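Student: Pasting a predicted model and its sequence here:
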Amino acid sequence: QDAKQADLYPRCRPLISSVLDGYNATIFAYGQSGAGKTFTMEGPEIATSSDGILQFAFEDIFLMIKTLASPRKRYLISASYVE
């Protein structure tokens, strides 16, 4: 199927909101070799409009933290990436 990361990311966005509520989340790309899993997650080497799911997720995380910031809230961000 010919889908862009920007089209796919809205399906992942609810995970980002739940992460900021304290839940763990995983975005798992599965498929045969050469199917485009790495490209989908990382995007191209040079940033373009087809950024990967990870870039969209981190942009949202930091934007939400900035929006929700208060002296009483602190966030600790930890991420793992396995290929």
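Tutor: Sure, I can see it. Residues are numbered from 1 along each chain as shown.
Student: from here on, contacts and neighbour counts on C-alpha atoms
Tutor: Fine.
Student: what stretches of the protein score poorly on pLDDT?
Tutor: Counting by pLDDT under 70, the chain contains low-confidence ranges at 1, 47-49.
Student: rerun at 80
Tutor: The model of the chain has pLDDT under 80 over residues 1-3, 46-50.
Student: Do a quick rundown of the helices in it.
Tutor: 5-20, 37-42, 53-68 (DSSP state H).
Student: Can you tell me which of the ones you listed is most buried?
Tutor: Greatest average neighbour count among the helices of the chain goes to helix 37-42 (a mean of 18), per mean count of other C-alpha atoms under 10 Å.
Student: Give me the helices and strands touching that helix, please.
Tutor: Judged by 3 or more C-alpha pairs under 8 Å, 6 or more residues apart in numbering; DSSP states H and E, helix 37-42 is in contact with helix 53-68.
Student: contact partners of the helix it packs on?
Tutor: Q5, A6, L8, Y9, R13, I16, L20, T40, M41, E42, G43, Y75 (C-alpha atoms under 8 Å, 6 or more residues apart in numbering).
Student: Can you lay out the residues you listed as TSV showing distance to A69?
Tutor: Listed next are those as TSV, based on distance: C-alpha to C-alpha, whole Å:
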residue	distance to A69
Q5	28
A6	26
L8	28
Y9	24
R13	19
I16	16
L20	11
T40	30
M41	28
E42	28
G43	29
Y75	9
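Student: Show me which of those residues is closest to I27.
Tutor: M41 (8.9 Å; C-alpha to C-alpha).
Student: Test my guess that the closest one contacts G52.
Tutor: Yes: shown here, M41 and G52 form a contact pair, counting by C-alpha atoms under 8 Å, at 4.7 Å.
Student: Look up how far L20 lies from P14.
Tutor: With distances taken as C-alpha to C-alpha, to the nearest Å, P14 is found 10 Å from L20.
Student: let me fix that: A35
Tutor: 31 Å.
Student: What of F58?
Tutor: 12 Å.
Student: same check, this time on A6
Tutor: 21 Å.
Student: for G43, what are its contacts?
Tutor: S50, D51, G52, I53.
Student: got CSV for these, with distance to S70 too?
Tutor: Below are the contacts of G43 laid out as CSV (distance: C-alpha to C-alpha, whole Å):
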residue, distance to S70
S50, 33
D51, 30
G52, 30
I53, 28
